[in-house]
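Q: Next input, structure requested:
(4 chains)
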4 protein chains.
Amino acid sequence: MLVVMQSGASKDQIEHVLKAIAAQGLTAHPLPGATRTAIGITGNTGAVDSRSFEVLEGVKECIRVTKPFKLASREMHPTDTKIEFPQTTVGPGHFTMIAGPCSVENEAMIQQTAEFLMGIGVKMLRAGAFKPRTSPYSFQGMGKEGLEILKRVRKNTGIGIVTELMDTENADIVEEAADIIQIGTRNMQNFALLKRVGLARKPVLLKRGMSATLEEWLMSAEYVMAGGNYQVILCERGVRTFSDHSRNTLDLSVIPPCKSLSHLPIFVDPSHGTGKRPYVPPMALAALAAGADGLLIEIHPDPDKAMSDGAQSLNFAAFSKLIDSLKMLAGPLGRTLN
Amino acid sequence: MLVVMQSGASKDQIEHVLKAIAAQGLTAHPLPGATRTAIGITGNTGAVDSRSFEVLEGVKECIRVTKPFKLASREMHPTDTKIEFPQTTVGPGHFTMIAGPCSVENEAMIQQTAEFLMGIGVKMLRAGAFKPRTSPYSFQGMGKEGLEILKRVRKNTGIGIVTELMDTENADIVEEAADIIQIGTRNMQNFALLKRVGLARKPVLLKRGMSATLEEWLMSAEYVMAGGNYQVILCERGVRTFSDHSRNTLDLSVIPPCKSLSHLPIFVDPSHGTGKRPYVPPMALAALAAGADGLLIEIHPDPDKAMSDGAQSLNFAAFSKLIDSLKMLAGPLGRTLN
Amino acid sequence: MLVVMQSGASKDQIEHVLKAIAAQGLTAHPLPGATRTAIGITGNTGAVDSRSFEVLEGVKECIRVTKPFKLASREMHPTDTKIEFPQTTVGPGHFTMIAGPCSVENEAMIQQTAEFLMGIGVKMLRAGAFKPRTSPYSFQGMGKEGLEILKRVRKNTGIGIVTELMDTENADIVEEAADIIQIGTRNMQNFALLKRVGLARKPVLLKRGMSATLEEWLMSAEYVMAGGNYQVILCERGVRTFSDHSRNTLDLSVIPPCKSLSHLPIFVDPSHGTGKRPYVPPMALAALAAGADGLLIEIHPDPDKAMSDGAQSLNFAAFSKLIDSLKMLAGPLGRTLN
Amino acid sequence: MLVVMQSGASKDQIEHVLKAIAAQGLTAHPLPGATRTAIGITGNTGAVDSRSFEVLEGVKECIRVTKPFKLASREMHPTDTKIEFPQTTVGPGHFTMIAGPCSVENEAMIQQTAEFLMGIGVKMLRAGAFKPRTSPYSFQGMGKEGLEILKRVRKNTGIGIVTELMDTENADIVEEAADIIQIGTRNMQNFALLKRVGLARKPVLLKRGMSATLEEWLMSAEYVMAGGNYQVILCERGVRTFSDHSRNTLDLSVIPPCKSLSHLPIFVDPSHGTGKRPYVPPMALAALAAGADGLLIEIHPDPDKAMSDGAQSLNFAAFSKLIDSLKMLAGPLGRTLN
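A: Below is the predicted model of the structure:
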């Protein structure tokens, strides 16, 4: 249910509606817009009687939302979500780069990568301290020590940090270290984790599950938003199909329907999507052209010596070249690369 | 690496090898067999030098294991795993039934179902107290209250309990309530959860992920076993494909290669696999014929009133009829239904 | 549209309805049943006015058929289709074996295989004279010479012949040589070929396309039946998914919904479905238990020397053993192996 | 096997090598390049002895080709294939548009569409006279009459014609009417048809099969090329996956590996790929950015009245707007739109 306030509704009137919603044991989500405020209602197991809100002062109308996702739906929030960071912006008009190594390997390489990125105008660094690995015997990441490195590099360079949270136990320390908390593909339906980051005060980058439909993906975003954290960035990273020419099948075709159903920004990770270095730049350009809001790219000072995923990492020179190509297309497409 | 002891090796000799393994910072997994003991070694990031163990007394040979999974592999543990419960047995020669409602709805229906099952010789009841639901607004299960119900019904009837664990927070109470801890399909690669149940003293039923390859599935079993819990039961429950004639595509064809690669028992869940009641019995019979070790079947006293998954639940009469059909085939196939 | 005649309707009354249908430019398909005759109507591009037939004498009622397939649907033809051959029967109560090498390699091996099969009571031999091969440089089959061999062996031994037709050019000679014309998986939607075999006087075994839904498959059967050839046998042979433990993913789960939607017999080809010899027998048993009407199995006097698909072919001893296992299960399932 | 001639090899020397290849019962495919000629050898079932050619005059070296496709491989033909038409060019530096309705509905609409296209600089019209339809009861195309319409419109306007061939029976008349013969997705492995168009003197547009791997697709191109027709254009049109947000999953990620393995041009059909009008323009732009050589787009003077596939057809205004957007990106990407 969506309660749409009149365009001149007062703060008191809005406050009164919020209380009326709470009084029925429901959760109110105020969604301020350019001309008016709308209030999403969740928490109902059955149907909500719209008449009890329509009679309140300042209420224009009540709209039943039929999609199973509500807070994530464009119906409820028609304008694209914009997320502001001290360093950069995610949202309409922008095309935002996030780059870095698969995992934190040591402080020197993270510092070196951050300096390189800031030097070419990329303000967000990705690097995993906790790594989801198929095998229990593979390198599992540097853990807390890795987070400390990320915090120091952020302090030194001013770069924003994107890093993965794998379990609720480490939620506090990852939330502290991260500017964006990444939820990995294997955890897209780890509902305990989604509920936890719904309480976080940092934006969440939610990777699509390996065989998740668009609706399931948006329902997982809904889990986060239902907790009160509306800053969700979706990230397509390749799905699993019969196709064997790349590691996964990067599904750029999900971008237009996603934009149509939801107001949330959508990023693309062509590194995991293709799994092979030479395929990353063309798919990065295609993601921009298809309407994505940004990219997540694996780079490494020396990809052939990377502790994980070296085959899909670009070196600095290749990444600089890609940035140049992206800038060339961003202009005609009405987007600013940042 | 697998250290194979001589058939007459003494306890002291075995103990000595275990210490030598630990001294190198590696983890030893003693695997007692009918005629000799083998000792699996894990925890090595690089290659292990076999010569340091071959020279020890009582050691017959050291075998390099090439599969990425070790403890789960048939190479390391040639005989089928057998798991004994007070009520029943899982493993070679047996075909073990687990049945019950999707979720604990109230005590009466669990008690009723348990009495029905014990009455027809089925000794394991499945029911979820914590439910993974795609939507944050759907019924999420009765939680701790549901576990209390399961514990009381177990005490009243003697039936064994299979119930799902969704997060590490509730691991202790689920482990206490369960005879078998179920890990759901969406958590097959929730590595924090796998590590936690690796420390549990109860067997784990590990459902296959929606688009997991056989190797990834066995690697997830390996996560549990690497923690020291060797009692893992695999459960096929349908994978995600283009096919739309059923909810998922039940992949019975995974059974023979799974039996060839691993010694772990494999169950089949035709209820989730097909999603439609009339398709459950034929797929249940086919699972038995294909070589599965048991079934997980959704039943409900009144399926049309079930709070979740009613469309795929059998009523008691249909389940009794299925049991009769299974018994008819189990004999010729050299299996005992229990 | 289905015109259902009264149970005592006379031949004249039926004839009269057939003429009335033809008079509207539509095609009538008389479907004689145990107690009454029904007449399927196809050829309409828009809706047909049922009232023009309901007023005719002997007509009980007119039923609108909503499925896109009509002649293939159980709605239109409630009883299972039975196909009688001089040697054997396909249909309810039977479980019919078809076996033989992938391709005709020479006369001796076909004669040897036919004698072996007749000796153990298998009355249908499969072998390809024309082979669909992914590469233009691979062995493409013996062609017409292969058909001559099949005809001679049929004459010598009395065995029925199942062989593939790949193009309309060779339709006449394949139809002459075959007791069952096989349409391969890559030609499931070769509509020119389907129309041609719709005119044939021999039953058609229609393999499921590599990524065909059940509805598309039944629509292809409908193409054949719309031409007047109602003797269609469906054959599941594995579909294409992400799964990599076998050559294809044998989809036994299609059997129950297929039986529910259609009256046509459905066979299973576990040889192509799994691609690996040791997986064939368990999947064959599972197909029987799941409700299939028969099997298509690759066997070869010396599988390791086969010109194609040796890895998935059973030798004679392994096949004999499988027949014994199948017989053991067929009895309890109320089926006769033939 | 690839025989590479010296850069100054004479015509006589080349002729001599061709004869030597033929003398061994093999097929020679001369591939003239900018600086030297190479000669592909096919038709060998086993290994070919390279020494018999290396000793001939003018031969530089013999290279063993390990990919199962040879003529389609970049190894054998390093420079991108260029196909020249009277009206337009397909190949490096170009981005070539093909547009038109799903099927020929009448002469007026084809004439109107052709005039519109020529007016905005698009020189190739697509329209089907023979339509592959899932149902035998759906509109199957205007057939020969449709071809006559296409021929007259070509004569009137000078536009090139792309039209589908579905069976060998109509090969002659389609070849006569078409500038490019289209082979549809369901016929990608209709080997009889591939062999027939291998003998045609018109370029072939080969759509990817619904679940074809890149290798299988290139092997089908190889079938055409092995017949002597080297003018093959590949066309990605969406593959079948679990994903349900669009009709098919348009696999743009196949473009970079295809370019790496093969010299053949690759087009994209975002109309069939997405199945929904609003998704066509973003995916068209993405295809250009990903490195495709052209597009196949469905347009219709009045999409909502189209006899087939209206939901995925653009009207003329939307298509003109798309052309403008494509031109804006083509420049920076070093491509000329034609």
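Q: Could you pull out the helices in chain A for me?
A: Ranges of helices in chain A, per DSSP state H, are A:11-23, A:51-54, A:107-119, A:144-157, A:171-177, A:191-197, A:214-226, A:255-261, A:270-274, A:280-290, A:316-330.
Q: Ignoring the adjacent residues along the chain, who's closest to the most centrally placed residue in chain A?
A: Chain A has residue A:233 as the residue nearest its centroid, 2.0 Å off, counting by Cα atoms, centre = their mean. Sequence neighbours aside, residue A:205 is the residue nearest to residue A:233 in space, at 4.6 Å (criterion: Cβ to Cβ, 6 or more residues apart in numbering or on different chains). C-beta coordinates here come from the backbone N, C-alpha and C atoms, glycine included.
Q: residues in contact with that neighbour?
A: By Cβ atoms under 8 Å, 6 or more residues apart in numbering or on different chains, the residues touching residue A:205 are A:162, A:180-183, A:233, A:235, A:267, A:296.
Q: So in terms of bridging, what pairs with residue A:63?
A: Residue A:63 has the following beta-bridge partners by DSSP bridges: residue A:2.
Q: what's the distance between the nearest residue to residue A:265 once chain neighbours are set aside and residue A:222?
A: If the residues on either side of it in the chain are set aside, residue A:265 comes closest to residue A:293, at 3.9 Å by Cβ to Cβ, 6+ apart. Residue A:293 sits 19 Å away from residue A:222, taking Cβ to Cβ, to the nearest Å as the criterion.
Q: Which residues are in contact with the closest residue to residue A:322 other than its chain neighbours?
A: Of all residues not flanking residue A:322 in the chain, residue A:281 sits nearest, at 4.8 Å (Cβ to Cβ, 6+ apart). Shown in contact with residue A:281 (Cβ under 8 Å, 6+ apart): A:314, A:318, A:321-322, A:325.
Q: ok so, going back, surely the residue nearest to the centre of chain A meets residue A:207?
A: No - using Cβ atoms under 8 Å, residue A:233 is not in contact with residue A:207; the gap is 9.8 Å.
Q: ok, what's across the strand from the residue in the stretch 1-150 of chain A that chain D sits nearest to?
A: The nearest approach of the stretch 1-150 of chain A to chain D comes at residue A:95, 12.6 Å away (Cβ to the nearest Cβ). Beta-bridge partners recorded for residue A:95 (DSSP bridges): residue A:337.
Q: tally of neighbours for it?
A: Neighbour count of residue A:95, defined by other Cβ atoms under 10 Å in any protein chain shown: 22.
Q: With residue A:207 instead?
A: 26.
Q: For the residue of the stretch 1-150 of chain A found nearest chain B, which residues are in contact?
A: Distance from chain B to each residue of the stretch 1-150 of chain A (Cβ to the nearest Cβ) is smallest for residue A:136, at 4.4 Å. With contact taken as Cβ under 8 Å, 6+ apart, residue A:136 is in contact with B:42, B:191, B:195, B:219, B:222-223, B:226.
Q: Repeat that for residue A:52.
A: A:20, A:24.
Q: Quick check: the gap between it and residue A:71.
A: Taking Cβ to Cβ as the measure, residue A:52 falls 21 Å from residue A:71.
Q: cool, residue A:270 as well?
A: Distance, residue A:270 to residue A:71, using Cβ to Cβ: 28 Å.
Q: more neighbours, those two?
A: residue A:270 (32 against 28).
Q: remind me which residues of the stretch 1-150 of chain A are low pLDDT?
A: A:34, A:44-47, A:65-66 (pLDDT under 70).
Q: Spell out which parts of it neighbour chain B.
A: Proximity of the stretch 1-150 of chain A to chain B (Cβ under 8 Å from any Cβ of the partner chain) is limited to residues A:42-45, A:68-69, A:132-137, A:139.
Q: which one of the residues you listed has the most neighbours?
A: residue A:69 (26 neighbours).
Q: ok, it - contacts?
A: A:215, A:218-219, A:221-222, A:262, B:135.
Q: From what I see, residue A:242 and residue D:213 are in contact.
A: Yes - counting by Cβ under 8 Å, residue D:213 is a contact partner of residue A:242 at 7.3 Å.
Q: Comparing these two, which residue is more hemmed in?
A: residue A:242 (24 against 18).
Q: what's the spacing between the more buried one and chain D?
A: Distance, residue A:242 to chain D, by Cβ to the nearest Cβ, to the nearest Å: 5 Å.
Q: separation between that residue and residue A:296?
A: Counting by Cβ to Cβ, the gap from residue A:242 to residue A:296 is 25 Å.
Q: Quick one: residues contacting residue A:1.
A: A:40-41, A:44, A:48, A:50, A:53, A:62-65.
Q: Now the stretch 1-150 of chain A against chain C: closest residue?
A: For the stretch 1-150 of chain A, Cβ to the nearest Cβ, closest residue to chain C: residue A:134, 14.1 Å.
Q: Quick check: that residue touching residue B:194?
A: No - contact criterion Cβ under 8 Å: residue A:134 and residue B:194 do not qualify, at 11.2 Å.
Q: Around chain C, pick out the residues from the stretch 201-338 of chain A.
A: So the stretch 201-338 of chain A meets chain C at A:211, A:240-242 (Cβ under 8 Å from any Cβ).
Q: Now with 10 Å, please.
A: Residues of the stretch 201-338 of chain A lying near chain C by Cβ under 10 Å from any Cβ of the partner chain: A:210-211, A:239-244, A:248-249.
Q: Sort out which of those residues are buried, if you could.
A: A:210-211, A:239-243, A:248-249 (16 or more other Cβ atoms under 10 Å in any protein chain shown).
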